[in-house]
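*Asks:* Prediction below, plus the sequence it came from.
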Amino acid sequence: MTGYGLVKVTFPTVTSPPNSVALCRENISDSSSVDHLLLWSERIRVSAGRRVDPNLRAFRGLSNTAAGRIRNVASPEEENTFSEERNCFASKYTDCSIQRRAELNILSSNFRKGFEVHTRVLCLCALAFLTVSAESRPFQFPSDTFAFSNYTYFDYRTTPEGGLEINRRPRNKIPEYSRHCFTMVRAVLEFYQFAEFRPDLAKVSEAEYQNIIRKLSRIPPWSSGPTKKIEIPGYADLHTFSSDYRLPLQNNIGQWWPPYLRIGNWRTVFPALRSNQKDLANWLRRELDAGRVRPVFITRGFRTLNHCLVAYSYTTEPNGDLIFAVYDANQRDKLVHLRYQASDESFQFDKTWYYPGGLVTAMKLYVSPIM
């Protein structure tokens, strides 16, 4: 029967762990003794005030006992038994470490994803704030509109019965400035969004004003525009400016025919669903609440009515109807309204000299290069 001897191992007191490797090499003569190295590692970690994992401490305690037994054991079977016990604890500790590392990796990944999401949200909020701030000045009617009107190419007349007559004008009676409603609406948006009137500055020459007009007319109204607004010296608003420079504006804000080539304007040949009209009304309300004026394309068939407006404010009625105040390029300085009827989800346009009033189909305009 083989007995087990007691092995006494003496360790020097470690006051600080700055050079644990040197201490191990100095006090452990047998460099191949893994058990001694583990015990030294624990002693150094404890002396430094670090937290030791219970599983690791149990494994090292068993390892210390096993080390004394293995050096005095006579039976190979017992040596294998202790080796298996130590390997079991080592495997348990290794599995625990791998699991913890995996959990930490998951937490780190989730933190990075959350940080990226919050950063993007903050950037979008800042961008929205800057966008609203750029257009935070309320649209003033008629100050932010032209002092001249657009005219129709054909002769539109409303009948006493509420109908509409459309006749071709004689060549010598065609208005000088006609078919420019889309061009004027686009220009009103460009002046409102990208221009700054400076009445405190001295007026400049007509040629310089023409250059300013052309520069503004090249900016797409659906874009964010230049970083700094274009200054128009000597005038307080577009209405007074267009009163003095009617011809330079008419000659430089754009031709009448390009809008007819826009793909979005050919939507007039397709029927509109009532649900689409409800979505448009809600979209207009949200945009106006955010301080953004929006153009609207209205139609009643390819020949009867193809026109555009600028919605700049609205009121809500108790029955859910929305009354949009709109700028009509065909009616200078006149208050015009586009009503959304919640009962049948439709838009109704005011009676004018070129339309008897009533049902129209409304659509978004100038929200993209093709629409």
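*Replies:* Sure, I can see it. Residues are numbered from 1 along each chain as shown.

*Asks:* Tell me, how many residues neighbour Ser243?
*Replies:* 13 (other Cβ atoms under 10 Å). Just so you know, the C-beta spots here come from the backbone N, C-alpha and C atoms, and that holds for glycine as well.

*Asks:* need the contact list for it.
*Replies:* Ala147 (Cβ atoms under 8 Å, 6 or more residues apart in numbering).

*Asks:* and it, that's in a helix?
*Replies:* Yes - assigned with DSSP: H, G, I helix; E, B strand; the rest coil, Ser243 falls within a helix.

*Asks:* Against Pro160, how distant is it?
*Replies:* Distance of Ser243 to Pro160, computed by Cβ to Cβ, to the nearest Å: 35 Å.

*Asks:* Pass me the low-pLDDT residue ranges in the stretch 1-150 of the chain, would you?
*Replies:* Within the stretch 1-150 of the chain, the segments meeting pLDDT under 70 span 1-136.

*Asks:* For stretch 304-312, buried residues please.
*Replies:* Going by neighbour count (16 or more other Cβ atoms under 10 Å), the buried part of stretch 304-312 is Leu305, Asn306, His307, Cys308, Leu309, Val310, Ala311, Tyr312.

*Asks:* Toward the C-terminus from the longest strand along the chain, list the very next helix or strand.
*Replies:* Longest strand in the chain by number of residues (criterion: DSSP state E): strand 306-316. Sequence-wise, the next helix or strand downstream of strand 306-316 (DSSP states H and E) is strand 322-328.

*Asks:* neighbouring strands for that next one, and are they parallel or not?
*Replies:* Here strand 322-328 is paired, per DSSP bridges, with strand 306-316 (antiparallel), strand 336-341 (antiparallel).

*Asks:* Same list as before, those strands that is, but in JSON lines and with distance to Gln250 and mean pLDDT included.
*Replies:* Converted to JSON lines, the strands paired with strand 322-328 look like this (distance: least, Cβ to Cβ, whole Å; pLDDT from 0 to 100):
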{"stretch": "strand 306-316", "distance to Gln250": "17", "mean pLDDT": "97"}
{"stretch": "strand 336-341", "distance to Gln250": "21", "mean pLDDT": "98"}
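
*Asks:* in what helix or strand does Lys278 lie?
*Replies:* helix 274-289.
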